[in-house]
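Participant: need a structure here:
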Amino acid sequence: MGKQLVIIGGGIAGLSAGVYAQTCGFDVTILESHSIPGGNCTSWKRRGYLFEGGMHWLTGSNRKEPMYKVWRHIGALNDDVTVHYPEPFKEYIHKGASIRLYRDVDLTEKHMIALSPSDEKEIRALCNNIRKVSKLVMPVADLSGVKVTRKQRPPIKLLYQYLSSNHKMRKSSQIPKEDYIKKFHHEGLRELFSHLCAGKYSATWLYFSMAVQARGDGGFPEGGSLPFVGRIVKKFKELGGNIVFNTRADRVVTENGKAIGVEAGGTYFPADAVIVAADAMQIDHLFDTLPQAPWLDEMRAQAKPVMCTFVSLGINADLKQYPKDCIFKLDAPLKIAEHSHDFLKVGNYANDSHYSPAGKAAVTMILTSDSYDFWKKAREEGRYEEEKEKVAADVIAALTTQLPEIADRVEVYDVATPLTYERYCANWKGSWMTKMAHTMKIKAYPAVVSNISGVYFAGQRMRPPGGLPVAARSGRAAVQYLCRDTNTLFISEE
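Facilitator: Numbers count the residues shown, from 1 in each chain. This next block holds a predicted model:
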């Protein structure tokens, strides 16, 4: 096999694969359907405000994390990038009182016990589980049979901690979140934990989301998505890679059961191999002969989309006194796309000059619900924009009941629906993650299929529930499969 590689998709998975492959000596061209790179890792500007649409916290931002080596290798993070760790990392406003989650588990434990002494036993058990799971650091492993410059061998201590923590994760993954949350007497704690597990089915994710913060990870790289992606693209181009924008792949060309190129927008891109870094839930249109593999069947049988209506506001008010990530329980349910929402999760960027002009605040809200069909029907019936206007007005009114100081001070608003994400990111039903049922296993799918050689797969669907680290690691894994098949030395992280 030669060295010419075409990658379909310029999101984090495609960019990661591009850097790794180019480093290993392949001649890489990335085809991206949008006018900018990054996929779901993106932000957009509106009248002086910047709205963060993809990165809210980052696993692997801590330099001690194995994932940090991956981010550093592909250029996303380096010694000059400042990473912020807001404290508390989350705050829930319950009946005028604040429930805070701190990176220091001891502080969180003390705070919650003072709030609800009757829940002391369960609070201590929860915090002990967080401490145990915080040791569950996802190691960066190498594919069996691939030649590498530096074998990734986790320390024995880390391996022991992984096995111990993984046992706890497996055990709690069998417990539906509703059953676990019922153990707590305090209404506010139950509501907060339910919100933290939104879109998830098992108690595992309550431990996991808090454990990431507890071990000093989950920071926010300064500037968020756009400079994060920009650094990867810069590294890719410096290595000699080529990225073509506004070019949607139409077909992977095969000959005698092997990928030999990609047709896109009337142009043929010859290739010795192809990495499909698009959403694996909707790739059949790329192939005359459909890819076949047990993992594809399993993915499609189990995957359930996590989608949202994403509302952003530019507010001419100083909201610096509020934390970056806060949750409000609404006085009355907010109905969005036929779904009721009792809470507003607010991303407050008032303290970040990258997002908010001086004295003002860029604010974002994620309203998670299975709303794809609602928005699709609204577009077909010609009332799509009208429904978006209604959503914006209702969200502004609901937020104003919690923050009276923003009344009549919203200067700009923006509503992104699942159809927006589908249009710009080509995601299945506009979803940006996969729901984790308590019966699902946490595992990575292989990057190859049985009936077509020279084609590999990457993307956040390759390991539920997805996210930026999964996307980056999947790009790395796809290149390792490619290197193994071509007897190419894989250049490892330093």
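
Participant: Please tell me how far the residue of the chain positioned farthest from its centre sits from Trp71.
Facilitator: Most distant from the centre of the chain: Asn256, at 37.0 Å, with distances by C-alpha atoms, centre = their mean. According to C-beta to C-beta, to the nearest Å, Asn256 and Trp71 sit 39 Å apart. Glycine gets a C-beta too; all of them are placed from N, C-alpha and C.

Participant: How about Ser474?
Facilitator: Relative to Trp71, and taking C-beta to C-beta, Ser474 is found at 14 Å.

Participant: of these two, who's got more company?
Facilitator: Taking neighbours as other C-beta atoms under 10 Å, Ser474 and Trp71 compare with Ser474 leading, 30 against 27.

Participant: So the more buried one is in contact with Pro464, correct?
Facilitator: No. Assessed by C-beta atoms under 8 Å, Ser474 is found out of contact with Pro464, at 11.7 Å.

Participant: And stretch 414-433, end to end?
Facilitator: The straight-line separation of the ends of stretch 414-433 (C-alpha to C-alpha, to the nearest Å) is 22 Å.

Participant: any idea of the mean pLDDT in that stretch?
Facilitator: The predicted model gives stretch 414-433 an average pLDDT of 94.

Participant: Equivalent analysis for stretch 339-356, please.
Facilitator: For stretch 339-356, the mean confidence score works out to 94.

Participant: Distance across that stretch, terminal residue to terminal residue?
Facilitator: One end of stretch 339-356 sits 30 Å from the other (C-alpha to C-alpha).

Participant: Please compute how far it lies from its chain's middle.
Facilitator: Its chain's C-alpha centre and that of stretch 339-356 lie 17 Å apart, by C-alpha atoms, centre = their mean, to the nearest Å.

Participant: Specify the beta-bridge partners of Cys308.
Facilitator: With DSSP bridges as the criterion, Cys308 is bridged to Thr368.

Participant: What is the subsequent helix or strand relative to the helix or strand Phe208 falls within?
Facilitator: According to DSSP states H and E, Phe208 maps onto helix 204-214. Using DSSP H and E, the helix or strand that directly follows helix 204-214 along the chain is strand 220-221.

Participant: Quick one: list the elements packing against that next one.
Facilitator: Counting contacts by 3 or more C-beta pairs under 8 Å, 6 or more residues apart in numbering; DSSP states H and E, strand 220-221 packs against strand 83-84.

Participant: which residues are contacting the strand it packs on?
Facilitator: Leu58, Ser61, Asn62, Leu77, Gly219, Phe220, Pro221, Glu222 (C-beta atoms under 8 Å, 6 or more residues apart in numbering).

Participant: which one of these is nearest Thr289?
Facilitator: Of all these, Leu58 has the smallest distance to Thr289: 38.5 Å, by C-beta to C-beta.

Participant: Show me where the stretch 51-200 of the chain has its helices.
Facilitator: With DSSP state H, counting those that start in this stretch, the ranges of helices along the stretch 51-200 of the chain come out as 66-74, 105-115, 120-133, 156-173, 177-181, 187-196.

Participant: Please identify which of those is closest to Lys390.
Facilitator: Closest among those, using C-beta to C-beta: helix 187-196, at 23.9 Å.

Participant: got the buried residues for the closest one?
Facilitator: Using 16 or more other C-beta atoms under 10 Å as the burial criterion, the residues of helix 187-196 that qualify are Gly188, Leu189, Arg190, Glu191, Leu192, Phe193, His195, Leu196.

Participant: ditto for stretch 218-225
Facilitator: Within stretch 218-225, judged by 16+ other C-beta under 10 Å, the buried ones are Gly218, Gly219, Phe220, Pro221, Gly223, Gly224, Ser225.

Participant: and the gap between the second one and Ser492?
Facilitator: As for Gly219, its distance to Ser492 is 24 Å (criterion: C-beta to C-beta).

Participant: Could you do the third one as well?
Facilitator: Look at Phe220 and Ser492: by C-beta to C-beta, they are 28 Å apart.

Participant: same deal with the fourth one?
Facilitator: Here the criterion is C-beta to C-beta. By it, Pro221 lies 23 Å from Ser492.

Participant: what does the first one give?
Facilitator: Shown here: Gly218 relative to Ser492, a distance of 25 Å by C-beta to C-beta.

Participant: what's the closest of the contacts of strand 83-84 to Leu403?
Facilitator: When those are ranked by distance to Leu403 (C-beta to C-beta), Phe220 comes first, at 21.9 Å.

Participant: can you pull out the strands in the stretch 251-400 of the chain?
Facilitator: Remark: strands assigned in the stretch 251-400 of the chain by DSSP state E, counting those that start in this stretch are 258-264, 267-270, 273-276, 305-306, 308-315, 325-336, 339-348, 361-368.

Participant: closest to Pro88 out of these?
Facilitator: For Pro88, the closest of the strands of the stretch 251-400 of the chain is strand 325-336, at 8.5 Å, according to C-beta to C-beta.

Participant: Sheet-wise, list the partners of the closest one with their directions.
Facilitator: Paired neighbours of strand 325-336 in the sheet (DSSP bridges): strand 90-94 (parallel), strand 339-348 (antiparallel).

Participant: Can you give the distance of the first one from its chain's centre?
Facilitator: Right, strand 90-94. The chain centroid and the centroid of strand 90-94 are separated by 22 Å, computed with C-alpha atoms, centre = their mean.

Participant: List the buried residues for that strand?
Facilitator: Residues Lys90, Glu91, Tyr92, Ile93, His94 are the ones in strand 90-94 that count as buried (16+ other C-beta under 10 Å).

Participant: okay, and for the stretch 51-200 of the chain, where does confidence drop off?
Facilitator: Applying pLDDT under 70 to the stretch 51-200 of the chain flags the ranges 154-174, 198-200.

Participant: Mind jotting down where the helices sit in the stretch 301-450 of the chain?
Facilitator: 372-380, 384-402, 418-425.

Participant: Need the winner for burial among those helices.
Facilitator: helix 418-425 (a mean of 20; mean count of other C-beta atoms under 10 Å).

Participant: Dump stretch 209-221 to CSV, restricted to CA.
Facilitator: Output of stretch 209-221 as CSV, limited to C-alpha atoms (Å, rounded to 0.1, in the frame of the first residue of the first chain):
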residue,chain,number,x,y,z
SER,A,209,-18.3,13.5,36.0
MET,A,210,-17.4,14.5,39.6
ALA,A,211,-14.3,12.3,39.7
VAL,A,212,-12.7,14.0,36.7
GLN,A,213,-12.8,17.3,38.5
ALA,A,214,-11.7,15.7,41.8
ARG,A,215,-8.4,14.5,40.4
GLY,A,216,-7.5,18.0,39.1
ASP,A,217,-8.6,17.5,35.6
GLY,A,218,-11.5,18.9,33.5
GLY,A,219,-10.1,22.4,33.1
PHE,A,220,-11.0,24.9,30.4
PRO,A,221,-8.2,25.9,28.0
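
Participant: So what touches it?
Facilitator: 55-62, 64-65, 76-77, 81-86, 89, 101, 103-105, 108, 130-131, 133-137, 196, 227-228, 324.

Participant: now those residues: which count as buried?
Facilitator: Buried positions within those, assessed by neighbour count (16+ other C-beta under 10 Å), are 55-62, 65, 76-77, 81, 83, 86, 89, 101, 103, 105, 108, 130-131, 133-137, 196, 228, 324.

Participant: Just those: which are in strands?
Facilitator: Residues of the buried ones among the contacts of stretch 209-221 located in strands (DSSP state E): Val83, Leu101.

Participant: Quick check: bridge partners of the nearest residue to Gly188 once chain neighbours are set aside?
Facilitator: Leaving aside its chain neighbours, Gly188 sits nearest to His94 (3.5 Å; criterion: C-beta to C-beta, 6 or more residues apart in numbering). With DSSP bridges as the criterion, His94 is bridged to Ala97.
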